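Engineer: Got a predicted model here, sequence first, then my questions.
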Amino acid sequence: MSSQAMNSDIGKKQPVRAMTCAVIFGCTLLMGCGSSSPYAPVQGKVTLDGKPLADAAVAFTPKQAGGRRALGVTRADGTFVLTTLRSGDGALLGDHHVTITAVDMVRSAKARNMAEEFGSLAADMPTPPRKEVWRAPKKYSDKETSELEFTVESGGNTADFALEKESA
């Protein structure tokens, strides 16, 4: 075979090799390094004095620095599913501080009366501040006082929390 024919064959094979390498590299990037994810699904239920706690915000804050917080909201039956980046993807693997916040902002009777009495004119009047009505003890809403913790492990996780009202 002449050297000119060999150079011609090499020239044809190099783009094919480059394309093959690019495809393999691209597939590797799409798959990542293995199938392990730093997140795992977390679902659970929150009860207060044995009854489901609806419309409560549930937050898992990683104890490790720099980790993203996962959030969920309880349904009428007290169940929740956590989300960090995409709906239902769960929480970062590892130890978490857990907070549960169930508070309503309620207009006072004075504010309601003003709205009824003055109608649309009430919009221009200063409104009294709303009042916080805690449906679950406030201590659970702060990671420093909550004392709730959970360790997220690979695979599915069930995190049930049975809260109790503070005794007076």
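Structural biologist: Nice, thanks for sending it over.
Engineer: What mean pLDDT does stretch 78-91 get?
Structural biologist: Across stretch 78-91, the average pLDDT comes to 97.
Engineer: The closest residue in space to F80 that isn't next to it in sequence: what secondary structure?
Structural biologist: The shortest distance from F80 to any non-neighbouring residue, by C-beta to C-beta, 6 or more residues apart in numbering, is to G72 (3.8 Å). For glycine as for every other residue, the C-beta is placed from the backbone atoms N, C-alpha and C. When classified by DSSP: H, G, I helix; E, B strand; the rest coil, G72 comes out as strand.
Engineer: Quick check: G72 touching S87?
Structural biologist: No: using C-beta atoms under 8 Å, G72 makes no contact with S87, being 10.3 Å away.
Engineer: And those two? Which one has more around it.
Structural biologist: Taking neighbours as other C-beta atoms under 10 Å, G72 and S87 compare with G72 leading, 24 against 7.
Engineer: in the sheet, who's paired with the more buried one?
Structural biologist: Under DSSP bridges, the beta-bridge partners of G72 are V58.
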